[in-house]
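Enquirer: Using only what follows, build the 3D model:
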Amino acid sequence: MSADIRSRSSHTRSLDFGEIYVGPLAALVVLLAGATLGFFFWYGAIVPAHSTTLSELGLLVAVPIGAFLAYVTWRGYGRYFSRRAGIKLAHSLRYDAITWLPIFALWLSFVFTPYVASSSRLFAIAIALFCIGKVLIAARFNQTVRQVLVDFLVSRAAIIVIAELAAVIIGQRPGPHVQESRHALLAVWGRWDAVHYLRIAAQGYHGIEAAFFPLYPLMIHILGSFTGNDLIAGLLISNAAFFFGLLFLYKLLEHEFDRVVARRAIFYVSIFPMAVYFSAVYTESLFFFLTVASFYYMRSQRWWMAALLGFFAALTRAEGLLLVVPFAIEWLARYRSEPLRGLRDAAAGLLIPFGLSLYMAYLWVLRGDALYFSHVQAHWGRQAAPPWVSVINSVYHMFHATAGQTVANQALELGFTALMIFVLLFGWRRLRLSYTAYMALSVLAPMCTASLMSMPRFGLVLFPMFAILARWGDRPWANNLIVAFSLPLLGLFTVLFANWYWVA
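Expert: Residues are numbered from 1 along each chain as shown. Here you go, the predicted model:
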């Protein structure tokens, strides 16, 4: 008996030691990957700008610093993932070490010609694979990431296949069009507003393009310097932002309601008729991610993080300024009885309007008109007006139009506007006040421009609407109605968008 107990005790100790001990191979992979990053930083940034002596010294410094930073990052992320996934630290570190392997692809730049494999392009590919690896490992251990990843992959794959087939089989709408890529499979994602964002990223602001806010094209410009192609950079940003937007929406609604509602909401977002724009070079994905994440941190009472995300949202679209209202509502709900304690947190809210103010200051320097982003909207027939004026104008254009496409577009804009108002009026009681106020303002603001142009696309980022629909979806008939409404229209609008027809 005692021998058996000793045997089991020894076995237990060996298992515990194995769970703690990571092993030299995993650490070596990370250290060498970090050294690789340090070397290529030296090779790309230090060598061209300094003398031979300084370059040699830079190599001696960059390589060990790269290895050290990689090791610290690996250990820090391993602890975080271990805590979030509920697994042993050693398991977390071993799995995460695998994600560092793509970094070694940078050495291929010395094997192939720069045209085939430049260092910047290989760096972009390596970082993309590095991030994808972390997501796949997270999905292996975390149910939330797994469910979000499934909805993301299934919906994006279907949209991409439909768009590509439509572009190849049906062909473009008659007339001259901008081709953002010589490759037809890439060019399909550079339609309409995407042309403006890509032009801003490449050339800066000119003329009416001040209507398009700067954060998204700035990100394209930065990432495009690594990928060597701004269109690819925009696609990477849009799809990555959409994935993380779905992830934050799931976490937010899981906290507010439950997993069932959260899963249904991200599914409804993924198949919404205008969801093709989440995968195109448009700001919808980035704005969706920033606003949902800002709400998530408001509800977590991490005010500075919420405000920082709101700052970036206001640099992405003018409607980002509206996050000030839910921020104030959530702050009052927390500090109503002790407002003096929350003054520092309240000050964080000033970051949100500062995002818009920063762009206005830039326009004042550039054009001498801080509100030029608003004034230039007249090019598209937009101007300040009561909300009913936009409805009257849309009805007028629909009944006086001679082209069938114009009638259809006006009908779509009226129909989706009515849908958003209907969901708000009959579902607001199911939401917190901050959600309701944000949705109401987000519907009202574009209606006050004398035009309903792009209203279906404005509804795409209204995540409170999807929370309401997800609650209604508890009833099988309501769920079937939402899915039956969304999927056919998503397919239709994807085909139209791919072939240069105006959708929203």
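Enquirer: so what's Ala293 up against?
Expert: Counting by C-beta atoms under 8 Å, 6 or more residues apart in numbering, Ala293 makes contact with Phe244, Gly245, Phe248, Leu309. From N, CA and C alone the C-beta is placed, and that goes for glycine too.
Enquirer: Counting by contacts, list what the host helix or strand of Gly459 packs against.
Expert: In this assignment (DSSP states H and E), Gly459 forms part of helix 455-460. Secondary-structure packing of helix 455-460 (3 or more C-beta pairs under 8 Å, 6 or more residues apart in numbering; DSSP states H and E): helix 284-299, helix 404-427, helix 433-447.
Enquirer: Try it again at 10 Å.
Expert: Helix 455-460 sits against helix 284-299, helix 404-427, helix 433-447, helix 463-472, with contacts defined as 3 or more C-beta pairs under 10 Å, 6 or more residues apart in numbering; DSSP states H and E.
Enquirer: nearest to Tyr359, of the contacts of Ala293?
Expert: Using C-beta to C-beta, Leu309 is the member of the contacts of Ala293 that lies nearest Tyr359, at 16.4 Å.
Enquirer: correct me, but the closest one touches Phe288?
Expert: No: judged on C-beta atoms under 10 Å, Leu309 makes no contact with Phe288 at a distance of 11.8 Å.
Enquirer: Mutual contacts of those two, please.
Expert: Phe248 (C-beta atoms under 10 Å, 6 or more residues apart in numbering).
Enquirer: Flag the shaky bits of the chain, pLDDT-wise.
Expert: Low-confidence segments of the chain (pLDDT under 70): 1-22, 45-55, 113-119, 175-176.
Enquirer: Quick check: next helix or strand after the lengthiest helix in it?
Expert: Under DSSP state H, the helix in the chain containing the largest number of residues is helix 52-85. Remark: after helix 52-85, the chain's next helix or strand is helix 89-98, criterion DSSP H and E.
Enquirer: what helices or strands is the next helix or strand after that next one leaning on?
Expert: Next in sequence after helix 89-98, counting helices and strands by DSSP H and E, comes helix 119-141. Secondary-structure packing of helix 119-141 (3+ C-beta pairs under 10 Å, 6+ apart): helix 24-41, helix 52-85, helix 89-98, helix 143-169, helix 215-227, helix 230-256.
Enquirer: now helix 119-141 against helix 52-85, angle please.
Expert: 20 degrees (axes from the mean of the first three to the mean of the last three C-alpha atoms, to 10 degrees).
Enquirer: Pull out the buried positions in helix 119-141.
Expert: 119-127, 133-135, 137-139, 141 (16 or more other C-beta atoms under 10 Å).
Enquirer: you'd agree Val29 is up against Ile98?
Expert: Yes: with contact defined as C-beta under 10 Å, Val29 reaches Ile98; the gap is 8.0 Å.
Enquirer: the more surrounded of the two?
Expert: Neighbour count, other C-beta atoms under 10 Å: between Val29 and Ile98, Val29 has more, with 20 against 14.
Enquirer: residues touching the residue lying closest to that one once chain neighbours are set aside, list them.
Expert: Spatially, and ignoring its direct neighbours in sequence, Val29 is nearest to Ala97 (4.9 Å; C-beta to C-beta, 6 or more residues apart in numbering). Residues in contact with Ala97 (C-beta under 10 Å, 6+ apart) are Val22, Gly23, Leu25, Ala26, Ala27, Leu28, Val29, Val30, Ala33, Trp74, Gly78.
Enquirer: rewinding a little: show me what the longest helix of the chain is packed up against.
Expert: helix 24-41, helix 89-98, helix 119-141, helix 143-169.
Enquirer: So for Gly349, which of those helices sits nearest?
Expert: Nearest of those (C-beta to C-beta): helix 143-169, 28.7 Å.
Enquirer: and that closest one with helix 230-256, angle?
Expert: Going by the same axes, to 10 degrees, helix 143-169 makes 140 degrees with helix 230-256.
Enquirer: got the buried residues for helix 143-169?
Expert: Buried positions in helix 143-169, judged by neighbour count with 16+ other C-beta under 10 Å: 144-145, 147-149, 151-152, 155-156, 158-160, 162-164, 166-167.
Enquirer: Output the contacting helices and strands for that helix.
Expert: The contact analysis (3+ C-beta pairs under 10 Å, 6+ apart) places helix 143-169 against helix 52-85, helix 119-141, helix 184-187, helix 230-256, helix 259-270, helix 476-498.
Enquirer: Can you check which of those gets nearest to Ile329?
Expert: Using C-beta to C-beta, the helices and strands packed on helix 143-169 put helix 230-256 closest to Ile329, at 14.5 Å.
Enquirer: Can you point out the buried residues in the closest one?
Expert: For helix 230-256, by 16+ other C-beta under 10 Å, it's 230-254, 256.
Enquirer: same deal with stretch 332-348?
Expert: Quick answer for stretch 332-348 (16+ other C-beta under 10 Å): Arg334, Tyr335, Gly342, Asp345, Ala346, Ala348.
Enquirer: next one: stretch 414-425
Expert: Leu414, Phe416, Thr417, Leu419, Met420, Val423, Leu424.
Enquirer: Turn the helices and strands packed on helix 52-85 into a markdown table, including distance to Gln383.
Expert: Shown next, in a markdown table, are those (distance: least, C-beta to C-beta, whole Å):
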| stretch | distance to Gln383 |
| --- | --- |
| helix 24-41 | 50 |
| helix 89-98 | 53 |
| helix 119-141 | 42 |
| helix 143-169 | 34 |
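Enquirer: Of all the ones you listed, which one comes closest to Trp303?
Expert: Comparison of those against Trp303 by C-beta to C-beta identifies helix 143-169 as nearest, at 24.0 Å.
Enquirer: So which residue is smack in the middle of the chain?
Expert: Residue closest to the average C-alpha location in the chain (C-alpha atoms, centre = their mean): Ala241, at 1.7 Å.
Enquirer: I'd assumed Thr291 was in contact with it.
Expert: No: the pair Ala241 / Thr291 is not scored as a contact, 11.1 Å apart, by C-beta under 10 Å.
Enquirer: Could you list the domains of the protein?
Expert: 2-141, 145-498 (automatic domain parsing).
Enquirer: Let me know which of those domains is tucked in deepest.
Expert: Among the domains of the chain, ranked by average contacts under mean count of other C-beta atoms under 10 Å, first place goes to domain 145-498 (a mean of 19).
Enquirer: what's the first-to-last distance across it?
Expert: Start and end residues of domain 145-498 are separated by 30 Å (C-alpha to C-alpha, to the nearest Å).
Enquirer: can you give me the offset of it from its chain's centre?
Expert: When distances are taken as C-alpha atoms, centre = their mean, to the nearest Å, domain 145-498 is centred 10 Å away from the chain's centroid.
Enquirer: One more: stretch 77-94?
Expert: 25 Å.
Enquirer: Now the common contact residues for Ala241 and Thr291.
Expert: By C-beta under 10 Å, 6+ apart, Ala241 and Thr291 have these common neighbours: Thr316.
Enquirer: still on that earlier bit, is it possible to export the helices and strands packed on helix 143-169 to CSV including distance to Arg457?
Expert: What follows is the helices and strands packed on helix 143-169, written out as CSV (distance: least, C-beta to C-beta, whole Å):
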stretch, distance to Arg457
helix 52-85, 34
helix 119-141, 27
helix 184-187, 21
helix 230-256, 14
helix 259-270, 13
helix 476-498, 10
